[in-house]
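**Student:** Return atomic coordinates for the entry below.
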Amino acid sequence: MKRLTLLRHAKSGWDEPVTRDFDRPLNAKGKRAARAVGRHMRESGLTFDHAVASPATRVVETLEELWEGYGKTVRPTLDKRIYLASADTLLDVIQGAPDEAESLLLAGHNPGMEELVLLLVAPATGDAHDAVRDKFPTASLAEIRFEAERWADVVPGKGALARFVRPRDIDPTLGPETVA
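**Tutor:** Below you'll find the predicted structure:
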């Protein structure tokens, strides 16, 4: 069985002057959310044999904060194809993962991450599936399991959504801003 965990980068901002979207850093709330998700992953017993990530600044910083909360670092392979990638491109990256890795972490961007979950998971209803369909917020993670021996055998509609966790599920102060 293969286990894929998809992580969307944490909240970034335009407060620091950057000329390219690629270079946007995390904001303070994004850093807190990434650390909280890392702690949740540790407490939930999630482990990873391999990680692949977009090289964009906000993804790299998300992983740095995530590992802080997780208590251990998994060095990702940085892959330019993941930056603002479509679901089909992300599936190509997954299918090329080393087969000796049973558990893969893929860190990237929306809308590709959300579209990828909906592409890979068998059409279903349920709280987690409906929540992903509604929105895949920053710093959220989705775990999908596949009855497959090789990553090349991961195909649309054959995954089972095992979990979907948003930062606000861990800490309500990390949820969306409310307007009074």
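**Student:** Rounded mean pLDDT for the longest helix seen in the chain, please.
**Tutor:** Using DSSP state H to define each element, the chain has its longest helix at helix 28-43. What helix 28-43 shows for mean pLDDT is 96.
**Student:** any idea which helix or strand comes after that helix?
**Tutor:** Using DSSP states H and E, the helix or strand that follows helix 28-43 in sequence is strand 50-53.
**Student:** chain center to that following strand, what's the gap?
**Tutor:** Centroid separation between strand 50-53 and its chain, computed with CA atoms, centre = their mean, to the nearest Å, is 10 Å.
**Student:** pull the CA atoms of the helix or strand following it into PDB?
**Tutor:** Using DSSP H and E, the next helix or strand after strand 50-53 towards the C-terminus is helix 57-70. The C-alpha atoms that make up helix 57-70 are tabulated as PDB, following Å, rounded to 0.1, in the frame of the first residue of the first chain:
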ATOM      1  CA  THR A  57      10.100  30.400  -1.000                       C
ATOM      2  CA  ARG A  58       6.700  30.000   0.700                       C
ATOM      3  CA  VAL A  59       6.800  26.200   0.300                       C
ATOM      4  CA  VAL A  60      10.400  25.900   1.500                       C
ATOM      5  CA  GLU A  61       9.600  28.100   4.500                       C
ATOM      6  CA  THR A  62       6.400  26.100   5.200                       C
ATOM      7  CA  LEU A  63       8.500  22.900   5.400                       C
ATOM      8  CA  GLU A  64      11.100  24.600   7.700                       C
ATOM      9  CA  GLU A  65       8.300  25.600  10.100                       C
ATOM     10  CA  LEU A  66       6.500  22.200   9.700                       C
ATOM     11  CA  TRP A  67       9.700  20.300  10.700                       C
ATOM     12  CA  GLU A  68      10.100  22.600  13.700                       C
ATOM     13  CA  GLY A  69       6.700  21.400  15.000                       C
ATOM     14  CA  TYR A  70       7.200  17.800  13.800                       C
END
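**Student:** Which SSE is immediately downstream of helix 57-70?
**Tutor:** Downstream of helix 57-70 (by DSSP H and E), the next one is strand 77-78.
**Student:** what helices or strands is the following helix or strand past that next one leaning on?
**Tutor:** Past strand 77-78, further along toward the C-terminus, the next helix or strand under DSSP H and E is helix 87-95. Based on contacts counted as 3 or more CB pairs under 8 Å, 6 or more residues apart in numbering; DSSP states H and E, the elements that helix 87-95 packs against are strand 103-108, helix 112-120. In short, each C-beta sits where N, CA and C put it, glycine included.
**Student:** how near is G69 to A131?
**Tutor:** Separation of G69 from A131 (CB to CB, to the nearest Å): 22 Å.
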